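> Need a 3D model of the following:
(one chain, ligands or ions: 1)
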Amino acid sequence: MTEMRGARSASPYRGRFAPSPTGPLHAGSLVAALASYLDARAHAGRWLLRIEDVDAPRCQAEHGHTIIDQLARCGLRSDEPVVWQSQRDAAYAEALAQLQARGLAYGCACTRQDVARHWQAQGRTFARHVEVPYPGTCRQGTAGRAARAWRLNTQGANICWQDRRLGQQSQDVETTVGDFVLRRADGYWAYQLAVVVDDAAQGITHVVRGEDLADNTARQIALQQALGLPTPTYLHTPLVLASDGEKLSKQHGAQALDLSQPVAALAQAAQHLNLSPETSVSESDVATVLHAYVGQWARRWCADC
Ligand code: GLU
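Predicted coordinates:
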């Protein structure tokens, strides 16, 4: 696998913030960025920024650059050169080839409609927001149909892990989501493959991200195990919800952050993390507020820092 680790700091801790550049940073993503940064600093570790622009149709380089600038205004700068997933094609291809060679990945000819018809025939229905598990139709071959996507064989992937905030978690990946996609029918790499390959290549030891991503963790651990990669420690932070209770997201029309006053923006993000906002500091002194938040974070989350 492609090596991209830089010089190591004394602490083995390596954390990251990995936004998808589908728009500029919004209040919810600043919370996730701040949490991952504070955890890294509380552990005297390194904090890396990775732009997850693997889903090219939904991403724009311009938004990636805007996010980097917005974070920098808040004093959040990557300790190593920013990694862009759009540049990492060879590493993802190598990981897929490894899985194919070991019989763990297979070509799949099914469309969404094929999967829906399968479950209909079994009399099973799924709620609108629930992931429809892939029933494994093409595991034994595509019966002469052309393969469109590549999937991981998840047989026996009953995954347990300990989230630092949510506690003990478990998911039977095979029955809950089924054999999930590694390379999409449109030729783009799937988020699950890219995130697992890059977390390993960057030597990430701790993942701190929003709770909306918690249910991806079992899939990512299953994939780490299939590729023989280490599993980082996970902490999923509380989500920032819009007034209607939906997750605040770019898709949900979240306003871009006003970063003319970064100390105020950081105070709002800190409040979502149940930290006491540091507002008595001058607007120019982002470094001082970050230092204070690191102390608060360490007392709350780091028995080990
Ligand atoms: N790129 C993903 C997102 O913006 C986050 C990936 C991760 O933190 O694992 O939702």
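
> neighbours around D186, how many?
10 (other CB atoms under 10 Å). From N, CA and C alone the C-beta is placed, and that goes for glycine too.

> quick check, it in a strand?
No - counting by DSSP: H, G, I helix; E, B strand; the rest coil, D186 is located in no strand; its state is coil.

> in the helix or strand where H63 lies, what's buried?
Secondary structure from DSSP states H and E places H63 in helix 61-73. Across helix 61-73, burial judged by 16 or more other CB atoms under 10 Å covers 63-64, 66-68, 70-71, 73.

> And for stretch 40-48?
In stretch 40-48, counting by 16+ other CB under 10 Å, buried: 40-43, 45-48.

> Could you do stretch 213-230 as well?
Buried residues in stretch 213-230 (16+ other CB under 10 Å): 213-214, 216-224, 226-227, 229.

> Tell me the residues of the stretch 151-300 of the chain that contact the ligand?
195, 209, 213 (CB under 6 Å from any ligand atom).

> contacting residues around whichever residue of the stretch 51-200 of the chain sits closest to the ligand?
Scanning the stretch 51-200 of the chain for the residue nearest the ligand gives E52, at 3.6 Å (criterion: CB to the nearest ligand atom). By CB atoms under 8 Å, 6 or more residues apart in numbering, the contact list for E52 reads 18-21, 59, 85, 191, 194-195.

> Please repeat the previous calculation with a cut-off of 10 Å.
17-22, 59, 64, 83-86, 191, 194-195, 198 (CB atoms under 10 Å, 6 or more residues apart in numbering).

> So for it, what's the pLDDT?
Listed pLDDT for E52 reads 98.

> Now do the phi/psi pair for W161.
phi -150, psi 160 (degrees, to the nearest 10).

> Please enumerate the helices of the stretch 51-200 of the chain.
61-73, 89-101, 112-121, 173-176, 191-201 (DSSP state H, counting those that start in this stretch).
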